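Colleague: All I have is the shape, not the residue letters:
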């Protein structure tokens, strides 16, 4: 099917129905995955999916409809419905699609599509999953089973066209491995996970490594106990550090900032932490899982430095919010065909420092090394941060006994200010990444 | 249900036969057609109104513990048969192409939404959202921001399998929700959230009014202004009735789902008949509650929704089974197989999970606590099935000081191990309360609507995660 032609046809129909502006966003994809258990296939899934979202502006009002049914008469009815729905919404002078000038030229982003992934046979996934399981079990007999373990890939294409003259398309691939083993010493059950996801097969961590790393992480938690409540230095492993910077970036959402419901709202230009803190969102990163030539409404992808050398420098915007806040879109309109654009990060990362993670731990006499967390994290409005945490206690600079059933709490603003060491170990495993981070002092709640 | 499936029954039968072409024990065809509508308000006006259609087919082939699954949102013959052949690949054998015959059977009616929500004028939905916004702003001058949303879906499902089953269900669902932010002294901002709905007709909102929803969200936001930091460490906790049931959902519910039990990854595996909780604890999962968000006439394998006891007076009585895990474990399915959409195979899930009432009055429960925390409203929660660790964010909490509610507390998180926490339940109220219809549960990347419920409950020695370490005032 010619999706470009389809998008154009929908725009024409919307205009004929009285829409002043219209935009069609088409997503087409296929995916396949394999899960194994005890040396056998547990589940094989294969699928194709597609859908289109139609956004219209009618007399300053916004209407939106989506459908996965591409039968022409059904699609026409949905375009009509989008225009009709706009009547229910209130007019807003900031409504409107990005102009060609606002959108800019789509960024030239390399490394989105790997033919090898697109043509990856099922057998590869089955074999990779089996290798992961075998490698995980080989680490230690206390690895009893796996909660889940598998491999998969996807191919997706995006087509966008608008009445303002925007038209573009791109295709991307992704491939992933994940393993979640359960370790048992007869008493406790402990689980953990390890995974990797990349656009290119050649960059993916080998299955044996994913399996054995997952096993190692579950095993070291056996015998975990609570500790006493106390305030101590806390080190976040890269995966948890990534989720922390994700929470900070969520507070840099231009919409939350404009509504003053972000703890960063009044702090533009202020120092938030040490010069070693630089937080970047980059939609143009070659091979990045969050990379694309343009965002969910056709605005060119770009790089935005949110925090530079400890100073809050920028917020993230889509077109609507940018107009409201008298700013420029940063190309952060994020969406699927089923949703209106909202503000989201592309590839978010904290620039690495120059400290080896082992050294960051070695300097801690009595503290907590966090390796897993439960719960949502920071409250964007207040910055209050409190999560369930598992990990290892640090004694005299060494990783010691495992710890569970505690929480780590603080306030994001104080936490940013309290970061006193940034590791050199930045690596992407998804679209958000950060190196090892140490917070000078946080509250650990336990007994 | 009167509606006809989007493809003819004869075609479904041919698909089932094609799915069994390489052998296997069971093939299943799941068809879905969902129309969803949403209205969103912010900054005192309707920002957007939207509507969408998704439809598709999922074909599953079961071969011992192995599952082949394929889906397609294209309902053309070639796409349907491609899905059937793809799912069939999980079985390695070769079978005779035996014809399959399915017979439509009736479903119970635990909810009936007429007219379907998709047929209610969108302007009436917008009106609810506007009323909720007005009420939230009118209730207190300190309310500075309101986001109000309406979301509904009219989902139609049909399930047929090679055992001859063919059932359908009309699953309508809606939710009105308000998020409010209040501003206090010195620019302090606190938020509140309330909402509700279920598998209910639009007239539900004549009695569960948008004004109630708006006022309650505003009340929470204002009530927590000036909150003190939570004190870290173990304490006695009193849970308010209703929505606090998500604690039960996380702390024990997930651990009783049959997939975790069969794989031995739940700490409740192998404990049937054992005492796993205080004798005051009786936990029910009930897919048959009238109009409730988690109710199902039939589950997503076509089994009828059921009422089942999970824990009775502290003793573990049963797990929640889908047919795959039931068969492998020599048990009977309990109407617990659920999926988010045709894009997923089923997994065993909760429906409406609640704690049966006890004898204590809610007032006596609060009065009995010398020093503790009253948890009025929760945000989200999460559990690790294997080690049983769970957490909850308490979005509205108060100190309990000598049996009375004291100052509001901010930033509290509850943490515990499910099996220990249940043993520490010392009082259970006589005020059973279902939640107003808020819950969505995530598992294996699939979200499904659920109900929870709880009377007022006292739990001793639960750890409160906070920022303030005891006996060290200030920082």
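Modeller: Yep, it's here. Please read these numbers as outputs of a predicted model, since none were measured by experiment.
Colleague: can I see the domain layout of the chain?
Modeller: Let's take chain A. A:3-219, A:224-447 (automatic domain parsing).
Colleague: not quite, I wanted chain B
Modeller: B:9-223, B:228-469.
Colleague: Pull up the distance across the first one, start to finish.
Modeller: The separation between the terminal residues of domain B:9-223, taken as CA to CA, to the nearest Å, is 57 Å.
Colleague: Turn the domains of chain A into JSON lines, columns for mean neighbour count.
Modeller: Yep, even glycine has a C-beta here, placed from its N, CA and C like the rest. Shown next, in JSON lines, are these (neighbours: other CB atoms under 10 Å in any protein chain shown):
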{"stretch": "domain A:3-219", "mean neighbour count": "20"}
{"stretch": "domain A:224-447", "mean neighbour count": "21"}
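Colleague: Now render the ones you listed as a markdown table, adding distance to chain B.
Modeller: Output for the domains of chain A, formatted as a markdown table (distance: least, CB to the nearest CB, whole Å):
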| stretch | distance to chain B |
| --- | --- |
| domain A:3-219 | 4 |
| domain A:224-447 | 2 |
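Colleague: As CSV, these with mean pLDDT would be great.
Modeller: As requested, these are arranged in CSV below (pLDDT from 0 to 100):
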stretch, mean pLDDT
domain A:3-219, 95
domain A:224-447, 96
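Colleague: so which of the ones you listed gets nearest residue B:66?
Modeller: Closest approach to residue B:66 among these is made by domain A:3-219 (5.3 Å; CB to CB).
Colleague: What ranges does the stretch 51-200 of chain B have for its helices?
Modeller: B:77-88, B:122-139 (DSSP state H, counting those that start in this stretch).
Colleague: any residues touching the longest one, and which ones?
Modeller: Just to be clear, that refers to helix B:122-139. Contact with helix B:122-139 is made by A:85, A:88, B:37, B:39-41, B:44, B:46, B:49, B:51, B:143, B:146, B:148-150, B:152, B:176, B:178, B:180, B:202, B:205, B:209-215, B:217-219, as judged by CB atoms under 8 Å, 6 or more residues apart in numbering or on different chains.
Colleague: which stretches of the stretch 51-200 of chain A form helices?
Modeller: A:72-86, A:100-103, A:115-118, A:122-139.
Colleague: and the second one, how far out from the chain's middle?
Modeller: Helix A:100-103 has its C-alpha centroid displaced from the chain centroid by 26 Å (CA atoms, centre = their mean, to the nearest Å).
Colleague: Determine the set of other helices and strands touching it.
Modeller: Of the remaining helices and strands, none touches helix A:100-103 by 3 or more CB pairs under 8 Å, 6 or more residues apart in numbering or on different chains; DSSP states H and E.
Colleague: Most tightly packed of the domains of chain B?
Modeller: domain B:228-469 (a mean of 22; mean count of other CB atoms under 10 Å in any protein chain shown).
Colleague: Give me the mean pLDDT for that domain.
Modeller: For domain B:228-469, mean pLDDT is 94.
Colleague: go on, stretch B:62-71?
Modeller: 92.
Colleague: do it and chain A meet?
Modeller: Yes. Using CB under 8 Å from any CB of the partner chain, stretch B:62-71 comes into contact with chain A via B:65-71.
Colleague: helix or strand for whatever residue of the stretch 301-450 of chain B ends up closest to chain A, which one?
Modeller: Per CB to the nearest CB, residue B:391 is where the stretch 301-450 of chain B lies closest to chain A, at 3.4 Å. Residue B:391 belongs to strand B:389-401 when elements are defined using DSSP states H and E.
Colleague: residues touching the spatially closest residue to residue A:341 that is not a sequence neighbour, list them.
Modeller: Spatial nearest neighbour of residue A:341, chain neighbours left out: residue A:333 (3.7 Å); criterion: CB to CB, 6 or more residues apart in numbering or on different chains. By CB under 8 Å, 6+ apart, residue A:333 lies in contact with A:295-297, A:299, A:318-319, A:341-344.
Colleague: Just the ones of those residues in helices?
Modeller: residue A:319 (DSSP state H).
Colleague: which parts of the stretch 101-250 of chain B sit against chain A?
Modeller: Counting by CB under 8 Å from any CB, the residues of the stretch 101-250 of chain B near chain A are B:122-123, B:126, B:144-145, B:181, B:187, B:189-191, B:230, B:232-234.
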